[in-house]
Structures are given as C-alpha cells and as structure tokens.
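>>> I need the structure of the sequence given here:
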Amino acid sequence: MCGRYYVDDDTAREIEKLVRQVDEKRKRKASPCNAEMKAKDIHPTELAPILATFGSGSECRWQRWGFPGFQKSQVIFNARCETALEKPMFREAVLHHRVVIPAAGFYEWNQQKQKYTFCRESGKVLFMAGCYRRYEDGDRYVILTTRANASMEPVHDRMPLILEREEAVDWLLEDGVPEELLHKTSPLLERRMEYEQMSIFQL
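Take a look at the predicted model:
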C-alpha cells in the first residue's frame with residue numbers, strides 16, 4: 001500500500017520532461033507545467049500534482065488524493081491492480097482517466113511500526129500509476145498498488161505500481177487500459193530507515 005509519499009524540487013522538473021515526452025508522442029504542443037512545489041510529504045486528502053491527458057494535450061494539475069469512502073470521513077486512497085477493473089468505484093477511472101503521480105519516494109511501516117523510505121537509485125523520480133474520478137469538490141485520484149517485490153517484502157506485502165518513463169507515457173496514451181502494465185512487477189527500490197545503511201537491490 002502507499003499511505004504517504006514525498007515530492008522535492010526535482011519532481012517538478014521531471015513532470016515537465018514527461019509532459020513534453022507525452023505531447024511529442026501525440027504530436028502536440030506541450031502544455032506549460034504549473035507544478036510549482038516545495039519539498040514536502042503528501043498525505044491522503046491533500047492536493048498534489050498529477051499528470052494526465054485532458055482534451056487536446058497532457059497537463060500537470062493539482063488533484064486531491066483519495067476517493068470518498070462509503071462511510072462518513074472515510075477516504076480510499078489506494079486501488080489494487082488485480083481487482084481495479086472489477087470494482088465499480090475504479091473500473092471507469094482505470095479505463096478512461098489514468099494518471100501518473102510523480103514522487104521522490106514513499107514511506108511504509110512494518111509490523112513493528114518502524115518507518116522505511118523507498119526511492120529509486122540515484123534519486124530518480126518515481127512514476128506511480130493511478131486513476132481519477134470527478135466529484136462535486138473536484139477531481140480526486142488514487143494510487144494503484146501491486147504485490148510487493150523483493151525490495152519491499154521485508155516491510156510490507158503491497159507497494160505502488162511503479163512505471164518506467166516509457167511505460168508512464170503508454171499508461172497515459174494507450175486506448176483502453178494497458179492491461180500488461182497492471183500485471184507488471186514494480187522495479188526494485190532502495191530501502192532505508194533511520195540509523196540504517198541504505199539497502200540497494202539489483203537485478
């Protein structure tokens with residue numbers, strides 16, 4: 001699962017690069033990116049930058065993280081890749097309203113409540129797959145999660161669906177849903193906790 005992630009100064013620059021790449025593939029003029037952001041943690045219900053295709057081109061917009069739940073004050077901020085196309089809450093969003101959520105990294109806690117940080121090697125930005133729906137108070141997104149890989153398993157059995165740059169472009173542009181991406185294994189990540197040396201995983 002993913003219940004908190006963070007962005008930094010590099011995240012906005014990577015959004016701009018991905019916007020240009022998407023619009024070059026669509027042979028359209030890149031939209032200006034208004035993702036001015038400061039380094040911060042992102043929590044469910046907060047506004048955060050996402051990348052999606054709207055009308056004639058791709059754009060970076062700010063959306064609220066989490067769909068309203070079935071009970072008052074409940075927020076649903078993740079959707080399982082394995083069942084997203086079967087759930088009425090997520091099906092249309094995955095088919096027609098996919099987004100890419102950029103992040104510098106994300107956090108997870110193990111059963112002993114120890115906090116770990118996960119990120120890509122060399123500080124590369126993570127591109128997490130997601131989808132959005134429109135509500136009365138605006139568009140809201142969720143992050144898709146998948147089975148944990150070897151770098152994640154010691155901490156949690158779920159993790160965000162992380163896309164490579166080219167996969168992120170396909171996630172946004174392919175008609176229907178790129179189902180092979182829903183079943184892919186996320187890349188191995190660097191894992192660290194406070195007072196612990198970085199653990200680096202390589203294929």
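>>> ok, then the element right after the lowest-mean-pLDDT helix or strand in the chain?
The helix or strand of the chain with the poorest confidence is helix 9-25; it has a mean of 80 (mean pLDDT, DSSP states H and E). Helices and strands here follow DSSP states H and E; after helix 9-25, the next one along the chain is strand 40-42.
>>> that older thread, tabulate the CA atom coordinates of the least confident helix or strand of the chain in PDB.
Extracted in PDB, the C-alpha atoms of helix 9-25 (Å, rounded to 0.1, in the frame of the first residue of the first chain):
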ATOM      1  CA  ASP A   9      12.500  20.200  -6.200                       C
ATOM      2  CA  ASP A  10      13.400  17.600  -8.800                       C
ATOM      3  CA  THR A  11       9.800  16.300  -9.000                       C
ATOM      4  CA  ALA A  12       8.500  19.400 -10.900                       C
ATOM      5  CA  ARG A  13      11.300  19.200 -13.400                       C
ATOM      6  CA  GLU A  14      10.600  15.600 -14.100                       C
ATOM      7  CA  ILE A  15       7.000  16.400 -14.600                       C
ATOM      8  CA  GLU A  16       7.900  18.900 -17.300                       C
ATOM      9  CA  LYS A  17      10.100  16.400 -19.000                       C
ATOM     10  CA  LEU A  18       7.300  13.800 -19.000                       C
ATOM     11  CA  VAL A  19       4.700  16.300 -20.300                       C
ATOM     12  CA  ARG A  20       7.000  17.100 -23.200                       C
ATOM     13  CA  GLN A  21       7.500  13.400 -24.000                       C
ATOM     14  CA  VAL A  22       3.800  12.700 -23.900                       C
ATOM     15  CA  ASP A  23       2.900  15.600 -26.200                       C
ATOM     16  CA  GLU A  24       5.800  14.800 -28.600                       C
ATOM     17  CA  LYS A  25       4.400  11.300 -29.000                       C
END
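>>> Is the residue nearest to the spatial centre of the chain in a helix, a strand, or coil?
By CA atoms, centre = their mean, the chain has its centre lying nearest to Met128, at 2.6 Å. Three-state assignment for Met128 (DSSP: H, G, I helix; E, B strand; the rest coil): strand.
>>> Report the contact partners of Lys38.
Applying CB atoms under 8 Å, 6 or more residues apart in numbering to Lys38 gives the contacts Asp9. Any C-beta I mention is one placed from the backbone N, CA and C, and that applies to glycine too.
>>> shaky segments in this protein?
Scanning the chain for pLDDT under 70 picks out the ranges 1, 26-37, 56-57, 176, 194-203.
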